[in-house]
Every structure is written in C-alpha cells, then in structure tokens.
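> Compute the structure for the input listed below.
(one chain, ligands or ions: 1)
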Amino acid sequence: MAKPQHQQPEDHADIREGVRALCARYPGEYWRALDRERAYPTEFVRALTEAGYLGCLIPEAFGGSGLGIGAAAAILEEVHASGGNGAACHAQMYIMGTILRHGSAAQKAKFLPEIAAGRLRLQAFGVTEPTAGTDTTAIRTAAVRLGDRYVVNGQKVWTSRAEHSDLMLLLARTTAREKAARKTEGLSVFLVDMRAALGKGLTIRPIRTMINHATTEVFFDNLEVPAENLIGEEGAGFRYILDGMNAERILIAAECIGDARWFIAKARGYAKERVVFGRPIGQNQGIQFPIARAYAQSEAAALMVKRAASLYEAGSPCGPEANMAKLLASEASWFAADTCLQTHGGFGFAEDYDVERKFRETRLYQVAPISTNLILAYLAEHVLGLPRSY
Ligand SMILES: Cc1cc2nc3c(=O)[nH]c(=O)nc-3n(C[C@H](O)[C@H](O)[C@H](O)COP(=O)(O)OP(=O)(O)OC[C@H]3O[C@@H](n4cnc5c(N)ncnc54)[C@H](O)[C@@H]3O)c2cc1C
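Numbers count the residues shown, from 1 in each chain. Next up, the predicted model:
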C-alpha cells in the first residue's frame, strides 16, 4: 500500500530496504504456520543472521558491522512492519552489549566474532525468577565459587529462546541479599554455555503461551560454570544488567512502532476495500478516526524512539527517553492493534488475516521486558522527583 502522503524521508533507508526484501520471503503464511505449531522461525533467523543484521551492533573489529542503535532499531522496526516478529532473535542485539561493555578482552575475542558470524547464538537472557518477579534484587538463584568454577543452583522463568540458543547470559546471586551491603550488590553475570550444560545440571522446560515466543523455565541443579565465564567483577552484575536496559527498551519500542505501522496499513487497506451499506467502511468517521488517531500516536512515539536512539548513540544519558519510548510505543501499537481488529469486524478474528496473531503478539510489550507500571514508577521517582512508591 502507498505510504501516508506527508511521510518524511526514512532514516537508514538502505538498511530498511534490505530488511524489507528479506522479510518479503517470509510472508504471513510462514508466521501463521509457525504460530499454529508454536515453532521457532529457524529459517528466518538464519537469513537475518547471514545477512549480517543480527551482528549490526558488534564492532567491526570483532566481525560485526559496527552500526549504532538507530540502525538496529530500523532493522527490528521493519521486521515487525512486515508482519513478522523479531522476538525470536532480538535479544542477541542487546545481550551482546553486556559482553562488549563489561567482558574481558579474552571473552570478547572468544565470543563476539563467533556470534557475529552466526556460529554461536546468544539469545537467552536469564533474569526473571518465579518468586522475585520485577523485584530483580530478590532473585534466589545462587552461584557459589569453588576453586576455578561456580556451582549454580536455582530456577529462572520466562527464559525465552533457551532451546534455540548456545549461550545464556545469567544473573545470579554470589552474595545472599541479607549479607550484601546493599540489595543491589552481590549479583553477578555469567555466560553459560548451554550446549555443555544441558543434562549436566541444566534443564529447560518450554512454557506454552498465548503467543509463539519459545519461552521456557530453566532449572539449575549444581550446574558448574567455569570461573572464566564470569562477566566483569563479581558482585557488580546488577549494574551491568541495568546498563543494557536502555538498549533493550529502545529496540523493543522500535518493534512496537513496526507493529503499529503494520496494523495501521492493514486497517487502512481493509477500510478502503470493505463495502457495507453500499460504501467503504473507511468513509465512516467511526472507522477512520481511530485509524487516524493510531497514526498520530505511533508517529509521536516514533519521534521519542528516535530521540532516545540519538542520545544513546551520542553516549548521553537516555534513561527517561528510552523508558518513555517503550511506554509510548507499546501503547501506540496496542491501540493500533485494537483499532485494526475492530476495523476488520469478524474477519479480525480469522487466522488468515494475521490480525489476531499480531494482536496477541504486540500485547506482550506492555508486560515484558518491563511492565508499564514500572516505567511509570521510574518516571515518577527518577524524573519527576516524587516519593518512591515501592
Ligand atoms: C513471553 C515472555 C517472555 C519473556 N522473556 C524473558 C526473558 O527472555 N528473560 C527474562 O529474564 N524475563 C523474561 N520475561 C519476564 C518479563 O520480563 C516479566 O514478565 C516482566 O518483567 C514482569 O514481571 P512479572 O511477570 O514477574 O510480573 P510481577 O513483577 O509479578 O508483576 C505483576 C503485575 O504487577 C505490577 N506491579 C508489580 N510491582 C508493582 C509496583 N511496585 N507498582 C505498580 N505495579 C506493580 C506489574 O506492573 C505487573 O503488571 C518474559 C515474559 C514473558 C511473558
């Protein structure tokens, strides 16, 4: 469908063009079939990796293309705007940053070129636990040092893509919360080689959800991790994880913008074609106004994503902007999803239109990787100076 008429020239136009061409090989039928089976988009992820898109943030010195977060955001936005879903592989882009920023020279030399070449998959991020929820410092998974290794015991939940990843970035307690000077201390980050660990202290159990997300729960039972796989300093892991969160927020927000654009294009197309009472339904203001509102909301949210990405690329603080981008973009995509479904009437529920699938998929982003309430709490406390609410 033609673009809305006023639209400005696109940033990263070449990258977007390339991603669109790649995604055209994976149309709605492809995603629908996977969704039905809850199967992983292996071919799509392989194509994205081989084209170099998943290694775009890895510096050239380590075999990546050394691009900025704006380029990564453009890639994920286009994947979602094409009707696909980057959730199968987006984590590699932001988890890698933890190794890049806090890993040793030896760790970077060992892992980054392999990840960039697509020979190693770094897709699993083990933070959330069943009893801790959003209160990350309350995690209980413990890593105890014994000589040249750590022994890990505990459980993670919602560890997405664990079955489709070679490595997992794991957050564990190396000092119990009660014994740490502050609750944010005593947490450490490890790179776990899951290929070596499966069946030797690591068990993965898939969780079936309302979306096709390859998410799992992971159990550690005396899993041995070589001490050389500790990232950075022992005890400083919470800070490393927080450091990566702005990138995560910006990239997820870009996916939401892509979703919003897909829903708006789909709604617009259907509103023009569907004739009821002798005229296109899009001639009714009750149909066109919500689409116009969704458009305005998503364009405004896209500006915030762009601002957050520029600050991030300049190395400037961008916590408020990254959080606002995620908040506004996830709300814009959800409003666009609801509008698109309503525009389609009964056909919005039919699998063949892809609307119900994308509707389910985009709903996630108000809950994960950070829920809307927690973003509001962050803005209230850290930006507006209101008393901490929890
Ligand atoms: C499909 C899926 C994939 C995921 N993938 C991963 C992954 O790969 N790795 C990983 O580590 N995690 C992952 N997660 C976990 C995700 O990050 C968490 O679900 C999310 O952070 C919310 O935590 P929770 O589910 O424990 O909710 P809870 O913390 O139990 O919160 C429940 C509700 O209460 C609200 N709430 C809690 N505290 C407050 C408060 N103080 N003020 C106001 N409201 C509050 C929350 O906003 C939320 O709406 C995934 C989750 C899902 C569903």
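> residues in the stretch 251-390 of the chain within reach of the ligand, list them.
Residues of the stretch 251-390 of the chain lying near the ligand by C-beta under 6 Å from any ligand atom: 364, 367, 368, 369, 370, 371, 373, 374, 377, 390. (Each C-beta comes from the backbone N, C-alpha and C, glycine too.)
> May I see those organised as a markdown table, with secondary structure and distance to residue 13 added?
Shown next, in a markdown table, are those (DSSP: H, G, I helix; E, B strand; the rest coil; distance: C-beta to C-beta, whole Å):
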| residue | secondary structure | distance to residue 13 |
| --- | --- | --- |
| 364 | helix | 29 |
| 367 | coil | 33 |
| 368 | coil | 31 |
| 369 | coil | 29 |
| 370 | coil | 31 |
| 371 | coil | 34 |
| 373 | helix | 37 |
| 374 | helix | 35 |
| 377 | helix | 38 |
| 390 | coil | 43 |
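> Check those against residue 114 and report the nearest one.
Residue 114 has its nearest neighbour among these in residue 369, at 25.0 Å by C-beta to C-beta.
> On the pLDDT front, check the nearest residue to the closest one once chain neighbours are set aside for me.
Counting by C-beta to C-beta, 6 or more residues apart in numbering, residue 369 lies nearest to residue 248, which is 5.7 Å off, once chain neighbours are set aside. You'll see residue 248 listed with a pLDDT of 97.
> now swap in residue 33 and tell me
98.
> before we move on, which element is it in?
helix 28-37 (DSSP states H and E).
> so residue 101 makes contact with residue 240?
Yes: counting by C-beta atoms under 8 Å, residue 101 touches residue 240, with 7.4 Å between them.
> Which one's more surrounded, the two?
The neighbour count for residue 101 versus residue 240, taken as other C-beta atoms under 10 Å, is higher for residue 240 (22 against 13).
> And that one, how far from residue 95?
Residue 240 sits 11 Å away from residue 95, going by C-beta to C-beta, to the nearest Å.
> What about the residue nearest to residue 369, how many residues nearby?
Neighbour count for residue 248, taken as other C-beta under 10 Å: 21.
> What helix or strand is it located in?
Following DSSP H and E, the helix or strand that holds residue 248 is helix 237-273.
> repeat for residue 107
Assigned by DSSP H and E, residue 107 belongs to helix 105-117.
> how far out from the middle of the chain is that helix?
22 Å (C-alpha atoms, centre = their mean, to the nearest Å).
> dump the residue contacts of the nearest residue to residue 327 once chain neighbours are set aside.
Computed as C-beta to C-beta, 6+ apart, the closest residue to residue 327 that is not its neighbour in sequence is residue 375, at 4.6 Å. Residue 375 makes contact with 323, 324, 326, 327, according to C-beta atoms under 8 Å, 6 or more residues apart in numbering.
> quick one: which two of those residues are the most distant?
Longest span within the contacts of residue 375, C-beta to C-beta: 324 and 326, 7.4 Å.
> the more surrounded of the two?
residue 326 (30 against 22).
> now the closest residue to the ligand within the chain, what's its secondary structure?
Relative to the ligand, the nearest point of the chain is residue 133 (2.8 Å; C-beta to the nearest ligand atom). State at residue 133, reduced to three classes by DSSP: H, G, I helix; E, B strand; the rest coil: coil.
> What of residue 79?
Under three-state DSSP, residue 79 comes out as helix.
> Likewise for the one 5 residues further on?
In three-state terms, and counting by three-state DSSP, residue 84 is coil.
> Strands of this structure, start to end?
Secondary structure of the chain (DSSP state E): strands located at 122-126, 142-146, 149-157, 167-173, 187-193, 202-206, 216-226, 230-231, 275-276, 279-280.
> burial count for the closest residue to residue 184 other than its chain neighbours?
With C-beta to C-beta, 6+ apart as the criterion, residue 184 has its nearest non-adjacent residue at 4.7 Å, and that residue is residue 238. When neighbours are counted by other C-beta under 10 Å, residue 238 registers 22.
> Residue 238 contacts residue 177, correct?
No: using C-beta under 8 Å, residue 238 makes no contact with residue 177, being 11.0 Å away.
> Show me the common contact partners of these two, please.
Residues touching both residue 238 and residue 177 by C-beta under 8 Å, 6+ apart: residue 137.
> buried residues in stretch 138-153?
By neighbour count on 16 or more other C-beta atoms under 10 Å, the buried set for stretch 138-153 is 139, 141, 142, 143, 149, 150, 151, 152, 153.
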